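[1] prediction below, plus the sequence it came from.
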Amino acid sequence: MTEYKIALVGFGGVNRGLAQLIAERNAEWKASLGFSIKIVGVTDLFLGSIVAKDGLDAKQLVAMPVEKGVFAQLPGGTAEAFNETVIRHSGADMIAEATFTNPVDGEPATTFCRWALESGIHVVTTNKGPVALHGAELKDLARRHGVAFEYEGSVMSGTPVIRLARQALPGVGIQGFEGILNGTSNYVLTRMKDGLSFNDAVAQAQQLGYAEADPTADVEGFDVRLKVVILANELLNARLNVSDVACSGISSISPEDIAQASANDASWKLIGSASREVDGSVRASVEARLLPNSHPLAGISGATNAVSFNTALLGNVTVSGPGAGRIETAFALLSDIIAIHTTHGKQ
Ligand SMILES: NC(=O)C1=CN([C@@H]2O[C@H](COP(=O)(O)OP(=O)(O)OC[C@H]3O[C@@H](n4cnc5c(N)ncnc54)[C@H](O)[C@@H]3O)[C@@H](O)[C@H]2O)C=CC1
Ligand SMILES: N[C@@H](CC=O)C(=O)O
């Protein structure tokens, strides 16, 4: 029976969700997936770090309070985040990288990924920064070291999009896509329709674990811009940089705008899109659009996301599901681990 040793880098909502899944489902995974997972290290800027080559108690980790330096209370733990030691020297086969997304330069998460990959350690991540800003380099680094760099959760959380399109849609001729790719902003627009203020709706999205560390990234479209770059580069073979994508958000949409839209049987949605032009180039944008309620994306509400691929052979193929959430996103990490088990599985 395969047992994967994993180090968790960042122990906020998503990686705590993964630890919870491990605590609750490891025994079941042995039977249904053919492997189990042992946590051998955790590091977090706020909580500290710990390495235990024989394995940590996942249930105990999940129950740790969110207090500065709290890992110092565990035997062998420390209040400092020794990220490099945990990544390179905990004996992990793989890291789950889930620190904050930095939309400007992808750091320090990109460095964490490099440390792991160049040490021959697989990386699963939900962090959009390294993928959107340094994806080609990290994929090449992984290839050269014979390990995997997987990032299904970087777009639409646990809802399968990247692997689905990569594995089930090659040959279909994807010409473009448009979608609702941010759970927080869609949640805010939905709650504003119910009469909540913008600020209260953002606060709720934060409480529910949907929002970025700085929710400006959600409401100004920067998060969607990263996802558009990831999808366009992955599925349209584009070479887009973040600066190639025109971007605006939802912060200027007022309660009056929302009410007027409803009166006209329409809804405001933050739409990320990309399409291949006749000259072969790819054009992409992020903007709030007023959609008639008959539009397939108009009825997508709350933290649900949806993306519609425009294909040559099937017309529009639409995938919808959770776009944010701790357990939902932790599931994306599990799906990456399953993919690694399938392609690189230890005998
Ligand atoms: N929460 C969600 O619904 C989704 C989140 N993501 C992405 O997954 C990642 C994690 O998300 P959450 O867990 O919700 O965020 P979070 O803010 O709850 O947790 C991030 C953790 O990383 C730690 N951290 C920050 N800088 C660090 C550093 N330099 N070294 C070590 N630890 C550091 C923080 O102390 C925090 O505990 C983010 O990149 C986010 O964009 C992706 C899809 C959905
Ligand atoms: N903050 C993001 C989390 C997932 O990427 C969102 O709200 O969609």
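    Happy to help now that I have it. Ligands and ions are numbered 1, 2, ... in the order given.
[2] got a list of what the residue of the stretch 201-347 of the chain found nearest ligand 1 touches?
    When scored by CB to the nearest ligand atom, the stretch 201-347 of the chain has Ala324 as its residue closest to ligand 1, at 3.3 Å. The way it works is simple: take the backbone N, C-alpha and C, and place the C-beta from them, glycine included. Going by CB atoms under 8 Å, 6 or more residues apart in numbering, Ala324 touches 157, 182-184, 187, 209-211, 303, 305.
[3] 7 Å instead, please
    Counting by CB atoms under 7 Å, 6 or more residues apart in numbering, Ala324 makes contact with 157, 183-184, 210, 303.
[4] tell me which two in those are the farthest apart.
    Ser157 and Thr184 (11.3 Å; CB to CB).
[5] the residue of the stretch 1-150 of the chain found nearest ligand 2: neighbouring residues, count only.
    Closest to ligand 2 within the stretch 1-150 of the chain is Lys128: 6.5 Å, counting by CB to the nearest ligand atom. For Lys128, the neighbour count with other CB atoms under 10 Å is 28.
[6] next, count neighbours for the closest residue to it other than its chain neighbours.
    With sequence-adjacent residues excluded and distances taken as CB to CB, 6 or more residues apart in numbering, Lys128 is closest to Leu226, at 4.1 Å. Neighbours of Leu226 under the rule other CB under 10 Å: 30.
[7] tell me which element Leu226 falls in.
    Using DSSP states H and E, Leu226 sits within helix 222-235.
[8] and the chain, which residues reach ligand 1?
    Residues of the chain found near ligand 1 (CB under 6 Å from any ligand atom) are 10-14, 43-46, 81, 83, 98-101, 108, 126-128, 153, 157, 209-210, 212-213, 324-326, 329.
[9] per-residue confidence for the residue of the stretch 201-347 of the chain found nearest ligand 2?
    The minimum distance from the stretch 201-347 of the chain to ligand 2, using CB to the nearest ligand atom, falls at Ala324 (3.9 Å). In this prediction, Ala324 carries a pLDDT score of 95.
[10] any idea of the pLDDT on Lys346?
    With respect to pLDDT, Lys346 has a value of 66.
[11] show me what the helix or strand of the chain with the lowest mean pLDDT is packed up against.
    Lowest on mean pLDDT, DSSP states H and E among the helices and strands of the chain sits helix 162-168, with a mean of 95. Contacts defined by 3 or more CB pairs under 7 Å, 6 or more residues apart in numbering; DSSP states H and E place helix 162-168 against helix 222-235.
[12] after the helix it packs on comes which helix or strand?
    Following helix 222-235 in sequence, per DSSP H and E, is strand 246-247.
[13] run me through the strand neighbours of that next one, direction for each.
    According to DSSP bridges, strand 246-247 forms sheet pairs with strand 282-292 (parallel).
[14] is the strand it pairs with positioned near ligand 2?
    No: Strand 282-292 is not in contact with ligand 2 by CB under 6 Å from any ligand atom; minimum separation 12.6 Å.
[15] okay, that strand in PDB with CA atoms only?
    Output of strand 282-292 as PDB, limited to C-alpha atoms (Å, rounded to 0.1, in the frame of the first residue of the first chain):
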ATOM      1  CA  VAL A 282      -5.400  35.500 -28.100                       C
ATOM      2  CA  ARG A 283      -7.300  38.400 -26.700                       C
ATOM      3  CA  ALA A 284      -8.500  38.400 -23.100                       C
ATOM      4  CA  SER A 285     -10.300  40.600 -20.600                       C
ATOM      5  CA  VAL A 286     -11.900  40.800 -17.200                       C
ATOM      6  CA  GLU A 287     -14.900  43.100 -16.800                       C
ATOM      7  CA  ALA A 288     -18.300  43.500 -15.200                       C
ATOM      8  CA  ARG A 289     -21.000  42.800 -17.800                       C
ATOM      9  CA  LEU A 290     -24.700  43.300 -17.600                       C
ATOM     10  CA  LEU A 291     -26.200  40.000 -18.800                       C
ATOM     11  CA  PRO A 292     -29.800  39.400 -19.700                       C
END
